[in-house]
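Colleague: No sequence on hand, only this structure:
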């Protein structure tokens with residue numbers, strides 16, 4: 001996919017991930033620094049110099065980052081790449097240095113990717129006080145190593161998996177995911193890597209059609225407000241961890257909830273924007289072992305006892321390909337993964353390349369069947 005976008009850039013085509021014109025900051029030396037104030041980018045481009053760039057206006061095509069340390073300020077930007085990730089962190093001419101990509105949100109922005117929405121080669125950080133709507137065929141936010149969600153408001157309107165990385169750290173802000181598979185997924189098959197999901201702050205709504213939060217390693221929720229809301233036609237769970245998980249006291253609900261239903265517990269209220277069959281509510285102030293009254297659309301629904309118990313290893317994803325440096329993972333049992341119409345699954349899905357680092361294939365795209373998407 002990188003080759004497609006670079007060819008389009010050279011030819012100045014106006015389709016798919018083609019660039020419209022070259023930004024003044026583009027250079028040939030990945031280690032060079034952008035010394036001026038944030039350079040404004042208004043068209044698809046390859047950013048090969050370290051520094052800060054402001055993306056603004058309508059950008060038709062992929063923003064490709066090959067430098068090792070880059071901050072992208074999304075200032076009321078709208079970025080669309082029909083046949084690749086809207087923002088892509090990549091090795092760039094064989095460069096193997098660690099890449100740190102920071103996306104700072106200012107104002108209201110959107111990204112839409114024919115693959116991932118925003119894809120970091122290694123480390124990806126989301127920060128700022130603005131908002132971002134994401135639509136993606138694969139993952140909304142994707143990192144090859146660590147994904148740090150620090151602040152800002154991100155709504156993944158549609159995706160295969162909402163957020164995916166080896167290490168997912170959510171410390172603040174507001175994240176909402178709508179995913180046809182897992183809402184948040186931590187996965188890696190690299191030797192010596194134990195994937196993890198850590199949530200320590202912020203307010204988050206995780207909608208998914210499979211597992212809400214799936215860690216192929218550890219899961220720790222130590223703070224914040226987290227509503228995990230799943231509508232799982234197969235073996236989905238609100239929490240799915242390969243190793244024992246640690247979470248704050250949680251209320252578990254099961255039933256048939258429709259979009260528009262209002263679930264209320266004490267001072268917490270959520271209006272569902274998609275059907276839900278199971279929910280896990282991690283709310284500030286809950287006490288383990290204490291019963292709480294839950295209301296549905298203003299009426300008493302049921303009394304639920306808060307618990308810190310989380311089952312480990314229940315159906316955690318097998319072969320959730322990671323890295324992109326070859327075919328990742330094994331084969332899931334029949335019936336334990338979506339049908340791909342006889343085709344190979346897309347990168348980042350079971351039995352496919354995760355697409356963070358290394359060679360990226362051109363496998364077919366996943367069905368865009370996320371719940372609650374726009």
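Modeller: Ah, there it is. Predicted, not measured: the structure shown is a model, and the values here were computed from it.

Colleague: who does the helix or strand that residue 300 is a member of pair up with?
Modeller: Element membership for residue 300, per DSSP states H and E: strand 299-305. Using DSSP bridges, the strands paired with strand 299-305 are strand 291-296 (antiparallel).

Colleague: Pull out the buried positions in the partner strand.
Modeller: Buried residues in strand 291-296, counted by 16 or more other Cβ atoms under 10 Å: 292, 294. From N, CA and C alone the C-beta is placed, and that goes for glycine too.

Colleague: ok, residues contacting that strand?
Modeller: Residues from elsewhere that reach strand 291-296 (Cβ atoms under 8 Å, 6 or more residues apart in numbering): 251, 253, 257, 261-266, 286, 300-306.

Colleague: what comes up buried for the strand holding residue 300?
Modeller: For strand 299-305, by 16+ other Cβ under 10 Å, it's 301, 304.

Colleague: what's the offset of it from the middle of its chain?
Modeller: Offset of strand 299-305 from its chain centre (Cα atoms, centre = their mean, to the nearest Å): 32 Å.

Colleague: For that strand, give me every contacting residue.
Modeller: So strand 299-305 is contacted by 251-253, 263, 289-295 (Cβ under 8 Å, 6+ apart).

Colleague: pLDDT on it, on average?
Modeller: What strand 299-305 shows for mean pLDDT is 96.

Colleague: Ok, stretch 286-294 next?
Modeller: 97.

Colleague: what's the span of that stretch from first residue to last?
Modeller: Taking Cα to Cα, to the nearest Å, the first and last residues of stretch 286-294 lie 13 Å apart.

Colleague: now swap in stretch 195-204 and tell me
Modeller: 20 Å.

Colleague: Give the buried residues for that stretch.
Modeller: 195-199, 201-204.

Colleague: quick check, distance from it to the centre of its chain.
Modeller: Averaging C-alpha positions (Cα atoms, centre = their mean) puts stretch 195-204 13 Å from its chain's average.

Colleague: which residues sit against that stretch?
Modeller: 149, 151, 166-176, 184, 186-188, 213, 215-227, 241.

Colleague: and the residue nearest to residue 272 when sequence neighbours are not counted, what is it in contact with?
Modeller: Closest residue to residue 272 apart from its sequence neighbours, by Cβ to Cβ, 6 or more residues apart in numbering: residue 261 at 4.9 Å. Residue 261 makes contacts with 271-272, 276, 296-297, as judged by Cβ under 8 Å, 6+ apart.

Colleague: where in the stretch 201-350 of the chain is pLDDT low?
Modeller: Along the stretch 201-350 of the chain, segments meeting pLDDT under 70 span 233-234, 311-350.

Colleague: what's the most distant pair in the buried residues of stretch 195-204?
Modeller: Pairwise distances across the buried residues of stretch 195-204 (Cβ to Cβ) peak at 23.8 Å, for the pair 195 and 203.

Colleague: Closest to residue 61 out of the buried residues of stretch 195-204?
Modeller: Distances from residue 61 to these, taken by Cβ to Cβ, are shortest for residue 204, at 30.8 Å.

Colleague: need the longest strand for this protein.
Modeller: In the chain, ranked by residue count with DSSP state E as the criterion, the top strand is strand 69-81.

Colleague: To what extent is residue 189 buried, counted in neighbours?
Modeller: 18 (other Cβ atoms under 10 Å).

Colleague: tell me the contacts of the residue nearest to the spatial centre of the chain?
Modeller: The centre of the chain sits closest to residue 163, judged by Cα atoms, centre = their mean, with a distance of 2.0 Å. Residue 163 makes contact with 139-142, 147, 149, 156, 175, 177, 183-185, according to Cβ under 8 Å, 6+ apart.

Colleague: Good, wrapping up.
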